[in-house]
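# Sequence and predicted structure below; questions after.
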Amino acid sequence: MNPLLRHRALFYWLVLFLVGALWIGRQNYVDQYDRFFQDTSIAQRMLSQKAVQHEAVLATLSALSHPPAPERLFPSLQPAMPQLQGLGYLPGGAWAGSTDEPPGLATAVAQARSLGRPVVLPRDAARYWLVAPSSWSLLVDARDLVAPADLPAGLANLTLAIGQAPLTLLARQPDATGPGWPLALSKPLGAASQPFMLHSLRTLTPASWPWLPWLLWGLTSALLVAGVTATRRSRADARRQQEQARLAAMARLSTLGEMAAGIAHELNQPLTAILAQTRAAQRLLDDEDERPAVRHALLASAEQAKRAADIISRMRALVQPRVPGRREALDPDALAASLQFLREPELARQGIRLTWRNANPGARPLGDRVALEQILHNLVQNAADALVAAPISPPAPPGANAPPGTPLPLRADAPSQREISLDGCVQGDAYVFSVSDNGPGIPADALPRLFTPFYTTREQGMGLGLALCETLAGAMDGRLAARNLQPSGACFTVTLPLAKGAA
């Protein structure tokens, strides 16, 4: 996956996970607070019921006209109310009870009578006397109001404010100062005589956090982001493939157009020659003395037509899977004679002289005749185009012994200074054809890219001729090369293997 796309997907997953995790955490907090509130309310109701029960016992005792002695009554009440620690009252102003008279009892009785309800007389942090207006009094130990096992399991810490210091009723989470979310709630008991404040505290520690939902959400969000990323990448790949297919189709169409232009360019030469020869034959038909010239023109037209057919065949083979052509031992002199027969009239009209020299007449290169003819025709045509486009240079002194591959010195009496030299010679185990001219040469920046398809230095050129020639030469196990000559001109060489047994 693309690193940028991977980082983007990771960022999207992180944002999605954090949003979901916050929502899950908030929902979990709300749920736990609701349970905490419910559990605290249950504990508050349980304690309130015990406190109201104390008031009911006092009301019952106050209604008795002949109550039993406290020391006899207490043993019968204590099993049902384990929180009772003592019982007594003041008949006739004297204390009668199961325990000693509490200090301040008379004042508490007076206060209860003024309020018309029982009042609390604290003894310590855990115990208190509940004194009724009738002077009946109960000693209650708040630690025994409700057994810790009977309290809801969701509660952690419970305290009850009876005296100055809070009384601990439950301590399931003694260390509540660690990391977490604190939950706190305070509610008074539902008894008018004993409105002690009940404090409930619990801390949501990391152990109670919703780790499993977070993990499941992390996996779900990762799969969701991965699925969306894969879908988008699949769509992007599909669009990319469609675009590549469209561009490939456009490239093929462009290539076909270029190939068509190249074919037209290649066929233009033989068709132009056929047209010129045919028109010349038409003009000479009425003259009996010109019959040999007519025959020559018709033969030349037939050769050009045959060459056009061969060019089409070669161009078709170029765009098809390469199949090795039929190679044979070729006669360089016959090839040069055919080339001169076809090209000399046209070159003469352009003021260009074409010469042929064979340094090794008995040598025979091994190759495909049609392919080699097409290469030599293209090289001669390129040389002619370069000479026509270049200004005529001043005459040079003659030089009859110039080596092959160098431009011919121009004769002082020549009607034109434009010349193309076609040479053949043996170099080692190869036969080399050289096509040189005395034109301006090849630009230095164009020389390395000369055989690149569709690269050309001419305004009307298509850049296919030399690329095709190089392909044809390679199919014959040969090679095509180009260089500039001094002081001017260019030279193209076609190197082919020698046929076995050639002299």
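Here it is on my side, so go on.

# Look up the pLDDT of the nearest residue to Leu61 once chain neighbours are set aside for me, please.
With sequence-adjacent residues excluded and distances taken as CB to CB, 6 or more residues apart in numbering, Leu61 is closest to Trp136, at 4.5 Å. Every residue, glycine included, has its C-beta placed from N, CA and C. Per-residue pLDDT puts Trp136 at 93.

# swap in Val57?
Checking the pLDDT column for Val57, the value is 92.

# what does Gly180 give?
81.

# And it, how far from Pro206?
7 Å (CB to CB, to the nearest Å).

# neighbour-wise, which of those two wins?
For Gly180 versus Pro206, neighbours defined as other CB atoms under 10 Å are more numerous around Gly180 (16 against 9).

# and that one, what are its phi and psi?
phi 150, psi -180 (degrees, to the nearest 10).

# thought it was touching Gln173?
No. If you go by CB atoms under 8 Å, Gly180 and Gln173 don't touch, sitting 9.8 Å apart.

# Quickly list what's touching both of these two.
Listed as contacting both Gly180 and Gln173 by CB atoms under 8 Å, 6 or more residues apart in numbering are Thr203.

# What residues are bridge-paired with Leu354?
Beta-bridge pairing of Leu354 under DSSP bridges involves Ile420.

# which ones are touching it?
339-340, 343-344, 347, 380, 419-420, 422 are the contacts of Leu354 under CB under 8 Å, 6+ apart.

# how much space between it and Ser421?
Taken as CB to CB, the span from Leu354 to Ser421 is 8 Å.

# Count the residues that sit near Leu16.
When neighbours are defined as other CB under 10 Å, Leu16 has 18 of them.

# Kindly confirm my reading that it forms part of a strand.
No. With DSSP: H, G, I helix; E, B strand; the rest coil as the criterion, Leu16 is helix rather than part of a strand.

# so what pLDDT did it get?
With respect to pLDDT, Leu16 has a value of 93.

# Do I have it right that it meets Val225?
Yes. With contact defined as CB under 8 Å, Leu16 counts as touching Val225 (6.4 Å).

# Can you tell me how far Ala191 is from Arg202?
25 Å.

# quick one, which of the two is more surrounded?
Legend: neighbour count by other CB under 10 Å for Ala191 and Arg202, higher for Arg202 (26 against 20).

# Please, which helix or strand holds that one?
strand 197-204 (DSSP states H and E).

# what comes up buried for that strand?
Under the neighbour-count criterion of 16 or more other CB atoms under 10 Å, strand 197-204 has 198-204 buried.

# what's the farthest-apart pair in the contacts of Leu354?
Spanning the widest gap among the contacts of Leu354 are Leu339 and Glu419, at 15.1 Å by CB to CB.

# neighbour count winner among those two?
More crowded of Leu339 and Glu419, by other CB under 10 Å: Glu419, with 24 against 19.

# Assess the claim that that one and Ile352 are in contact.
Yes. At 6.9 Å, Glu419 counts as touching Ile352 under the criterion of CB under 8 Å.

# and the residue nearest to Leu61, what does it touch?
58, 61-62, 87-89.

# give me that answer again for 7 Å
Applying CB atoms under 7 Å, 6 or more residues apart in numbering to Trp136 gives the contacts 58, 61-62, 89.

# Out of those, flag the one nearest to Gln242.
Closest to Gln242, out of all of the contacts of Trp136 and judged by CB to CB, is Leu58, at 92.2 Å.

# distance of that closest one from Ala245?
Relative to Ala245, and taking CB to CB, Leu58 is found at 97 Å.

# what residue ranges in the stretch 301-450 of the chain score low on pLDDT?
311, 313-325, 391-416 (pLDDT under 70).

# quick one: the helices in it?
Ranges of helices in the stretch 301-450 of the chain, per DSSP state H, counting those that start in this stretch, are 332-349, 369-389.

# tell me the angle the first one makes with helix 369-389.
Just to be clear, that refers to helix 332-349. 30 degrees (axes from the mean of the first three to the mean of the last three CA atoms, to 10 degrees).

# Looks like Ile375 contacts Ala473 (just checking).
Yes. With contacts counted by CB atoms under 7 Å, Ile375 reaches Ala473, the gap being 6.2 Å.

# And those two? Which one has more around it.
Set Ile375 next to Ala473 and count neighbours by other CB under 10 Å: Ile375 wins out with 28 against 21.

# pLDDT value on the residue of the chain most remote from its centre, please?
In the chain, the residue that sits farthest from the middle, by CA atoms, centre = their mean, is Gly92; the gap is 98.6 Å. Predicted confidence (pLDDT) at Gly92: the value is 82.

# count of neighbours near the residue lying closest to Leu271 once chain neighbours are set aside?
Setting aside the residues directly before and after it, Leu271 is nearest to Ala308 in space (CB to CB, 6+ apart), at 6.3 Å. By other CB under 10 Å, the residues close to Ala308 number 19.

# How about Gly104?
Around Gly104 there are 13 residues (other CB under 10 Å).

# Quick one: the strands in the stretch 151-300 of the chain, in order.
157-161, 166-171, 181-188, 197-204 (DSSP state E, counting those that start in this stretch).

# Redo those strands as JSON lines? Include distance to Arg369.
Shown next, in JSON lines, are these (distance: least, CB to CB, whole Å):
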{"stretch": "strand 157-161", "distance to Arg369": "109"}
{"stretch": "strand 166-171", "distance to Arg369": "111"}
{"stretch": "strand 181-188", "distance to Arg369": "96"}
{"stretch": "strand 197-204", "distance to Arg369": "96"}
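
# among those, which is nearest Val146?
Per CB to CB, nearest to Val146 of the strands of the stretch 151-300 of the chain: strand 166-171, 7.4 Å.

# and the direction of that closest one versus that of strand 197-204, what angle?
40 degrees.

# quick one: low-confidence ranges for the stretch 1-150 of the chain?
For the stretch 1-150 of the chain, the stretches flagged by pLDDT under 70 are 1-2.

# now do 80
1-5 (pLDDT under 80).

# For it, which segments count as helices?
Remark: helices assigned in the stretch 1-150 of the chain by DSSP H, counting those that start in this stretch are 3-63, 70-77, 105-115.

# if we compare these, which one ends up closest to Ser221?
Nearest to Ser221 among these is helix 3-63; the distance by CB to CB comes to 4.7 Å.

# by contact count, what packs against that closest one?
Under the contact criterion of 3 or more CB pairs under 7 Å, 6 or more residues apart in numbering; DSSP states H and E, helix 3-63 touches strand 137-141, strand 181-188, strand 197-204, helix 211-284.

# closest to Ala132 out of the helices of the stretch 301-450 of the chain?
Ala132 sits nearest to helix 369-389 of all these, at 131.5 Å, using CB to CB.

# Could you list the residues in contact with the closest one?
269, 310-311, 314, 325, 330, 335, 338-339, 343, 347, 350, 352, 354, 418, 420, 433, 435, 437, 439-440, 458, 465, 469, 472-473, 475-476, 490, 492, 494.

# List only buried entries from these.
The buried subset of the contacts of helix 369-389 - by 16+ other CB under 10 Å - is 269, 310-311, 314, 325, 330, 335, 338-339, 343, 347, 352, 354, 418, 420, 433, 435, 437, 439-440, 465, 469, 472-473, 475-476, 490, 492, 494.

# quick one, strands of the stretch 351-500 of the chain?
352-358, 366-367, 418-427, 430-437, 479-484, 490-497.

# Strand 418-427 and the last one, what's the angle between them?
Regarding strand 490-497 and strand 418-427, their directions subtend 30 degrees when assessed with the same axes, to 10 degrees.

# Same check on the fourth one?
The directions of strand 430-437 and strand 418-427 differ by 170 degrees, with the same axes, to 10 degrees as the criterion.

# i'd like the first residue to be 240 from this point on
Yes, from this point I'll number from 240; that puts the last item at strand 669-676.

# what separates strand 669-676 from the chain centre, distance-wise?
Computed by CA atoms, centre = their mean, to the nearest Å, the chain-centroid distance of strand 669-676 equals 54 Å.
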